[in-house]
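[1] one predicted model, sequence on top.
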Amino acid sequence: MPKVRNRPQYPNLKHDQVEDKSISGRGEKCAKYYAQYSQQRLTGGIMVAWCTHSICYGFHCIPRSEGRNDVFSALYTHWKVPPKRVIYDFACALGPYCMTREGSFFANTQFLIDRFHASGHTKCSTACFLGTYQVADPRLKTLNSSAAECGNSVIARIRKSVSYMGQYRATLYMRTFLSIWNRSKTRKMKEGKSGGT
């Protein structure tokens with residue numbers, strides 16, 4: 001997806017663009033986030049945005065651990081209109097982060113945690129859980145909330161190769177790999193709709 005706008009600066013927000021792991025004193029915040037990322041000091045890699053059909057919208061290389069700013073910046077700078085739903089492992093923190101910075105842009109977006117990741121979010125409100133909405137709206141049960149996990153498992157196939165490349169070559173390789181992946185997925189979807197003819 002092409003870039004449609006620049007990410008603004010928010011000088012009145014004390015921790016704007018500060019790495020999430022460097023903010024100390026988690027307090028009442030999501031314990032899962034802190035336990036999994038800050039204590040293990042996970043490093044960066046590739047953040048990929050997937051639709052519910054496991055089609056890649058885009059990706060970007062992140063030098064350190066993935067944080068809310070990476071997802072916020074990708075959404076805000078590349079979507080003309082934000083998605084209706086963002087299903088993300090740490091939507092409990094991403095939702096407030098996005099709404100604080102661009103509330104009118106994200107006004108109609110739901111930030112949800114899929115069932116697989118929800119179990120570790122013991123301090124988070126159930127308003128962040130996709131399962132809560134699925135009870136009220138059974139149509140959401142057909143939503144493939146694990147598309148990102150499926151897509152990321154595909155990325156694991158090339159992780160080792162990419163780790164030996166410089167950024168330029170790795171980006172080119174990822175773009176080619178994901179283009180082929182997307183084409184293959186869309187062809188399968190079209191064949192399924194036409195009955196394989």
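    Noted; the coordinates are in hand.
[2] show me where the chain has helices.
    For the chain, the helices defined by DSSP state H cover 31-33, 68-78, 91-102, 115-118, 130-136, 147-155, 159-163, 167-193.
[3] next, the buried residues of the longest one.
    Spelled out, it's helix 167-193. 170-171, 174, 177-178, 181-182, 185 (16 or more other CB atoms under 10 Å). C-beta here means a position set from N, CA and C on the backbone, and glycine is covered the same way.
[4] quick check, nearest of these to residue 156?
    The shortest approach to residue 156 among the buried residues of helix 167-193 belongs to residue 177, at 11.8 Å (CB to CB).
[5] show me the contacts for the closest residue to that closest one other than its chain neighbours.
    Leaving aside its sequence neighbours, residue 177 sits nearest to residue 158 (CB to CB, 6 or more residues apart in numbering; 5.7 Å). Contacts for residue 158 (CB atoms under 8 Å, 6 or more residues apart in numbering) come out as 173-174, 177.
[6] next, format those residues as JSON lines and append pLDDT and distance to residue 46.
    Shown next, in JSON lines, are those (pLDDT from 0 to 100; distance: CB to CB, whole Å):
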{"residue": "173", "pLDDT": "94", "distance to residue 46": "11"}
{"residue": "174", "pLDDT": "93", "distance to residue 46": "6"}
{"residue": "177", "pLDDT": "96", "distance to residue 46": "11"}
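[7] find the nearest non-adjacent residue to residue 109, please.
    Using CB to CB, 6+ apart, the closest residue to residue 109 is residue 82 (4.8 Å).
[8] what's the burial count for the one you found?
    16 (other CB atoms under 10 Å).
[9] which pLDDT value goes with it?
    pLDDT, residue 82: 95.
[10] am I right that it is in contact with residue 105?
    Yes: here residue 82 reaches residue 105: they are 6.0 Å apart, a contact under CB atoms under 8 Å.
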